[in-house]
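Novice: got a structure for you, letters missing:
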């Protein structure tokens with residue numbers, strides 16, 4: 001016999017019981033996700049909820065990139081110039097656009113996300129690994145960086 005709460009959620013989210021676990025490891029405020037999902041999609045289907053959760057995570061990655069780029073400005077202000085390695089990193093980070101570089105497939109429990117720009121995989125893994133790890137911590141989903149996983 002199923003729990004009435006699960007029955008209610010599966011009806012609201014238009015999904016099966018197992019699909020509800022897609023949100024189980026979400027560390028973002030679910031109220032904010034629900035509100036944004038309603039605003040963006042007009043419903044609370046599970047695939048739209050997960051897509052919204054991913055958007056929260058991608059915004060965090062954008063913020064991490066902006067923060068690191070701002071650190072280079074601070075270095076220039078403090079030291080007068082960047083090292084060759086810092087210039088290389090800054091130039092690489094300036095090419096990143098998480099909402100364009102990442103792709104996701106939303107099909108209930110087959111949902112996944114990956115870096116869709118082959119040339120960007122190395123940049124994300126070299127310079128934004130901490131942000132990728134945070135995405136996983138906050139969403140429960142690992143961003144695939146093996147370009148062949150598509």
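Specialist: Looks like it came in fine. Just so you know, these numbers come straight off a predicted model, no measurement behind them.
Novice: mind showing which ranges of this protein have poor pLDDT?
Specialist: 1-2, 147-150 (pLDDT under 70).
Novice: biggest helix in it by residues?
Specialist: helix 46-79 (DSSP state H).
Novice: If you count neighbours, what's buried in that one?
Specialist: Neighbour-count burial for helix 46-79 flags 46-58, 60-61, 64-65, 68, 72 (criterion: 16 or more other CB atoms under 10 Å). Every residue, glycine included, has its C-beta placed from N, CA and C.
Novice: and if you look at stretch 14-32?
Specialist: The neighbour-count check on stretch 14-32 (16+ other CB under 10 Å) flags 15, 19-20, 22-23, 26, 28 as buried.
Novice: In a markdown table: these, plus distance to residue 134 and secondary structure.
Specialist: Shown next, in a markdown table, are the buried residues of stretch 14-32 (distance: CB to CB, whole Å; DSSP: H, G, I helix; E, B strand; the rest coil):
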| residue | distance to residue 134 | secondary structure |
| --- | --- | --- |
| 15 | 26 | coil |
| 19 | 24 | helix |
| 20 | 24 | helix |
| 22 | 19 | helix |
| 23 | 17 | helix |
| 26 | 13 | coil |
| 28 | 11 | coil |
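Novice: What is the longest helix of the chain packed up against?
Specialist: helix 30-41, helix 84-93, helix 98-101, strand 102-105, helix 129-139 (3 or more CB pairs under 8 Å, 6 or more residues apart in numbering; DSSP states H and E).
Novice: Quick check: which of the ones you listed is nearest to residue 7?
Specialist: Residue 7 lies closest to helix 30-41 among these, at 18.5 Å (CB to CB).
Novice: quick revisit: looking at the helices and strands packed on helix 46-79, spot the one closest to residue 117.
Specialist: helix 98-101 (4.5 Å).
Novice: circling back to that earlier point, and of the buried residues of stretch 14-32, the nearest to residue 42?
Specialist: For the buried residues of stretch 14-32, the nearest to residue 42 is residue 15 (16.7 Å; CB to CB).
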